[in-house]
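> here is my input, please return the structure:
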Amino acid sequence: MRSTTAKQARQSEREYCESCQQPVLLGGNPEAAEGRSRRNPVRDARTTGLAKLPRSERVISICDAVIDITSALFSVSSKDLRNPRRSTADIARVTQIAMYVAHVTLALSMRDVGHGFGRDRTTVLYACHQIEDMRDDLEFDRIVSITERVIAAAFGLTEGRGNEVI
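All right, here's what the predicted structure looks like:
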């Protein structure tokens with residue numbers, strides 16, 4: 001009988017994000033969950049202004065832009081989306097869509113999205129699961145797809161290209 005190595009034990013603790021298929025660590029070090037196989041960030045004319053900022057400020061700037069765009073798309077106050085307290089179900093759903101799109105379309109880690117939205121990474125994980133489950137509804141899927149395309153266009157991302165912006 002073979003004993004389990006430390007590496008095998010760590011791998012068994014992982015769960016994979018349904019939307020981006022990146023490993024999510026169920027406990028312990030959140031940086032280990034991100035893995036080292038992430039694509040290189042996009043470094044071109046669109047992000048040179050952001051590239052000069054420290055990473056945490058870049059994440060916050062990117063998430064602020066996602067919040068502003070999403071609030072305009074859904075005719076919701078961006079102040080309501082930034083509010084860390086409980087809100088109505090409609091506001092919470094729009095916030096979840098914004099978190100999901102920031103994670104999936106911009107390839108931000110759940111920890112980064114949580115930091116940018118003033119939430120915990122587990123809140124982002126829950127939001128991604130909720131939105132992924134609701135995408136079975138064709139009308140809801142259409143709304144999320146439009147939001148993804150608008151955010152991708154705002155950040156100058158195209159299909160088939162590395163979508164990381166930080």
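> residue 83 - how many residues pack around it?
Using other Cβ atoms under 10 Å, residue 83 is surrounded by 13 other residues. Any C-beta I mention is one placed from the backbone N, CA and C, and that applies to glycine too.
> who are the contact partners of it?
Contact analysis of residue 83 by Cβ atoms under 8 Å, 6 or more residues apart in numbering lists residue 91.
> how far away is it from residue 76?
The gap separating residue 83 from residue 76 is 11 Å, by Cβ to Cβ, to the nearest Å.
> between those two, which contacts overlap?
Here residue 83 and residue 76 share the contacting residues residue 91, scored by Cβ under 8 Å, 6+ apart.
> residue 56 and residue 111 touch, don't they?
No: with contacts counted by Cβ atoms under 8 Å, residue 56 stays clear of residue 111, the gap being 10.9 Å.
> of the two, who's got more company?
residue 111 (19 against 11).
> that one sits in which helix or strand?
Assigned by DSSP states H and E, residue 111 belongs to helix 110-117.
> and the contacts of the helix or strand hosting residue 92?
Secondary structure assigned from DSSP H and E places residue 92 in helix 89-104. For helix 89-104, contacts defined as Cβ under 8 Å, 6+ apart pick out 17, 19-20, 62-63, 66-67, 70-71, 74, 76, 80-81, 83, 86-87, 108-110, 113, 116-117, 119, 123-124, 127-128, 130-132, 143-144, 147-148, 151.
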